[in-house]
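*Asks:* here is my input; please provide its structure:
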Amino acid sequence: MKLVILDRDGVINEDSPNHVRSAAEWQPIPGSIEAIARLCQGGYRVFIATNQSGLGQKLFDYDAFSAINDRLQGLLAEAGGRIDGIFFAPDHPQQPGPQRKPAPGMSLELAKRLGVSLDGVPSVGDSWRDLEAARAAGARPILVRTGNGRETERRYAEALGDTAIYDTLADFTVALLSGNLPPQRPQTA
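*Replies:* Residues are numbered from 1 along each chain as shown. The predicted structure follows:
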């Protein structure tokens, strides 16, 4: 089974320091919808693992969160793609649980439900916590420069090691589908 795990805010859609609180505020990053559709058409199952602390902080409710996800799925359906599952951590940042990134809980739950190993599975994010969660789950961390990605790249340049970095989700998708991801060295403790 070919899988890809994506963070949402800053990877698929424009992020906001005030949280994306409604479907009306949710704006896809140019090329991201088409990139996910291409992944699906290329035989990949695409999942989202996203921290959604706005829920825990009561900045928006589950109905608003569902409406955002419905908008995403609707745009993907029009483009010939879909998200196979959305894993989210509603934890307040001051009270993180085992699901909230940088903990690997969401990815480990995904692996458990599918009965698969995440070894080598690309996990695309724009923040250091996304990359840490991917590593902790045994997945392959991929950084995109959208959202917080440029700041993450600047701030953690030395610690990124052989983490593959792409300008956008669309650029990552082209590399993956063409077999041009750089080789990954074994992780060291």
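*Asks:* would you mind measuring the gap between the ends of stretch 48-67?
*Replies:* This stretch, stretch 48-67, spans 16 Å end to end (CA to CA, to the nearest Å).
*Asks:* cool, and stretch 124-141?
*Replies:* 6 Å.
*Asks:* what does stretch 103-120 give?
*Replies:* Stretch 103-120 end-to-end distance (CA to CA) = 18 Å.
*Asks:* flag every buried residue along it.
*Replies:* For stretch 103-120, a neighbour-count test (16 or more other CB atoms under 10 Å) marks Ala103, Pro104, Gly105, Met106, Ser107, Leu108, Glu109, Leu110, Ala111, Leu118 as buried. All C-beta spots, glycine's among them, are computed from the backbone N, C-alpha and C.
*Asks:* what does stretch 58-65 give?
*Replies:* So, applying 16+ other CB under 10 Å, buried residues of stretch 58-65: Phe60, Ala64, Phe65.
*Asks:* with just CA atoms, put that stretch into CSV.
*Replies:* In CSV, the C-alpha atoms belonging to stretch 58-65 read as follows (Å, rounded to 0.1, in the frame of the first residue of the first chain):
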residue,chain,number,x,y,z
LYS,A,58,-12.7,26.9,21.7
LEU,A,59,-11.8,29.3,18.9
PHE,A,60,-14.1,27.2,16.6
ASP,A,61,-16.3,24.1,17.1
TYR,A,62,-16.5,20.7,15.5
ASP,A,63,-19.1,21.8,13.1
ALA,A,64,-16.8,24.5,11.7
PHE,A,65,-13.9,21.9,11.6
